[in-house]
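Undergrad: Quick one, what's the 3D model for this:
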Amino acid sequence: MTGSPTWQAVIGLEVHAQLRTQTKIFCGCAVRFGSPANTDVCPVCLGLPGALPVLNAAAVQMAVRTGLALGCTIQAVSVFSRKNYFYPDLPKGYQISQGDQPICLGGQLQIGRGDHAKSARIERIHLEEDAGKSLHGVGPGGQTGVDLNRAGTPLLEIVGKPDLSTPQEAAEYVEELRAILVHLGVCDGNLEQGSLRCDANVSVHRPGEPLGIRCEIKNMNSYRNIRDAVAYEIERQTEVLVHGGVIVQQTRLWNPDQGRTEPMRSKENANDYRYFPEPDLMPLRVQAAEIALARQALPELPSEIRQRLQGDYGLSEGVARWLVEEPQRVRGYERQLALGGAADLGASELPSMFANFLMSQVNAAWVRSQRPWADVDAALDTLWTLGQQWREGQLSNKMLAQVLTQAFTSLNSLGDSLKTAQAAAGAVVSDVQALREAVATVIGNFPKEVERYRGGQVQIAGFFVGQVMRVLGGKGDAKRIGMLVHEALTQ
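TA: Below is the predicted model:
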């Protein structure tokens, strides 16, 4: 762990997943991102007197589906409570949540790989409504405004046991949980937009001694932020204790610009919220038949898909994880294998080649372009052909990079842009005589490097290959050039 080896970190995560329902959890207002402030609201989510909540059945079904996928026990009866606290973006002065009787109990999440694999227990999963959003620095005087569009959005809070001990495990936990939620179709998993939010409870103690005082970290909207924030907090608490200080229980914010956690407020205890049953909602009852139907309808889960990809197509675990990260990505990949005639070629290297091509070459261009993955999905047949041409040496690395960059930055459809960019790139130079002439030119221009090579510094062969590629405008067959360079320098 980060910090002194005489101290041990204990990490427990609370993950809030915004459910993909069309309407809010207790009213008929639309759930959507980016609407003008305070337009998706009604008397119920504004907390106006006399407005009564009505539970969204779709949110309950999504909670049951998630609980089953995580091995939880679905409670036949659960109860909504009022969680009382004051904050400007909480219009009622309380949040409707589930207190001591949540909809799901127990469960576990498998994280890590190989020898580092472990099972992290889940304590509970419960339904609740989201609060609004405070907007700081708005208006002519820099005031704070409140947007209540998000108030009443259905959330699923997944509370993990304190079974994690390293920043890497914390990031892997959220990554695996996100994959499950998006494959179940219950959450879009967008960390940047706040559809998936993670709070980390971190403490340190000496092995064999009672657990330390914990601090909660908020404002972590990426896997990297989760790793960095937890690592910093472990280091901070360790330093305090090593120097004889005392950890103060508090909520802290992660400041990614400064690379540190900062105090936000003192950490509340459960008693501070004064939970009591919500009088306007009856106890929630889930029938055994409903649970059975939900279990039968569970899709193939990410861990199962990864194992199948590795077994059927010979993919590495890293490539399989990248594909399974998004349901549309892995579905498109397998659809293209079938269309490309590779699905039944168990011993063929084509499935592995195409997956590696997508992850190593296409993904970089896609990330830079900020296009939706749907654009890539619609152009997979063209990318399949492009990948085979690159594999067979008909396109050099430089030519491929140029084709992808040009296509992804074009405003036209990606498939058409790829074909246009490929036609403009031309063909790779494979004529042996032309290659020999380019090699001879380079060898003649660099006599000192030739002597170094012949003196035993054979590692500079790559230098000659690079220079030949430059002479050919990046359109040479690199493998053949390497053979011809070696042939010319050893004569």
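Undergrad: State the number of residues packed around Cys215.
TA: Here the number of neighbours of Cys215 (other C-beta atoms under 10 Å) works out to 22. C-beta coordinates here come from the backbone N, C-alpha and C atoms, glycine included.
Undergrad: how far away is it from Ile158?
TA: 20 Å (C-beta to C-beta, to the nearest Å).
Undergrad: and what of Val465?
TA: 52 Å.
Undergrad: just Asn412 next, same as before
TA: 42 Å.
Undergrad: More neighbours: those two, which one.
TA: Neighbours per residue, other C-beta under 10 Å: of Asn412 and Ile158, the larger number sits with Ile158, 27 against 10.
Undergrad: mind listing what the more buried one touches?
TA: Each residue near Ile158 by C-beta atoms under 8 Å, 6 or more residues apart in numbering is listed here: 14-17, 66, 70, 122, 125, 177.
Undergrad: Let me see the ranges of the helices in the stretch 301-450 of the chain.
TA: With DSSP state H, counting those that start in this stretch, the ranges of helices along the stretch 301-450 of the chain come out as 302-313, 317-324, 327-339, 350-357, 363-369, 373-378, 380-391, 397-409, 414-425, 432-445, 447-454.
Undergrad: what does the stretch 51-200 of the chain give?
TA: Using DSSP H, counting those that start in this stretch, the helices of the stretch 51-200 of the chain run over 57-69, 167-184.
Undergrad: and the first one, how far out from the chain's middle?
TA: Per C-alpha atoms, centre = their mean, to the nearest Å, the displacement of helix 57-69 from the mean C-alpha position of its chain is 21 Å.
Undergrad: and it, what other elements does it pack with?
TA: strand 73-74, strand 104-105, strand 118-129, strand 154-160, helix 167-184, helix 288-296 (3 or more C-beta pairs under 8 Å, 6 or more residues apart in numbering; DSSP states H and E).
Undergrad: let's go with 10 Å and repeat that
TA: strand 8-18, strand 73-74, strand 104-105, strand 118-129, strand 154-160, helix 167-184, helix 288-296 (3 or more C-beta pairs under 10 Å, 6 or more residues apart in numbering; DSSP states H and E).
Undergrad: Can you give the strand pairings for the second one, parallel or anti for each?
TA: It stands for strand 73-74. Strands that pair with strand 73-74, judged by DSSP bridges, come out as strand 104-105 (antiparallel).
Undergrad: Got the phi and psi for Ala488?
TA: phi -70, psi -40 (degrees, to the nearest 10).
Undergrad: The residue lying closest to it once chain neighbours are set aside: neighbour count?
TA: Distances taken as C-beta to C-beta, 6 or more residues apart in numbering place Val439 nearest to Ala488, at 5.3 Å, with adjacent residues excluded. Look at Val439: counted by other C-beta under 10 Å, it has 26 neighbours.
Undergrad: same check, this time on Ser266
TA: Neighbours of Ser266 under the rule other C-beta under 10 Å: 11.
Undergrad: Do you know the pLDDT at it?
TA: For Ser266, the model assigns a pLDDT of 73.
Undergrad: Contacts only, for the closest residue to it other than its chain neighbours.
TA: Spatial nearest neighbour of Ser266, chain neighbours left out: Gln250 (5.3 Å); criterion: C-beta to C-beta, 6+ apart. Going by C-beta atoms under 10 Å, 6 or more residues apart in numbering, Gln250 touches 213-216, 261, 263-268.
Undergrad: Could you report the distance from Gln250 to Leu281?
TA: For Gln250 relative to Leu281 (C-beta to C-beta), the value is 32 Å.
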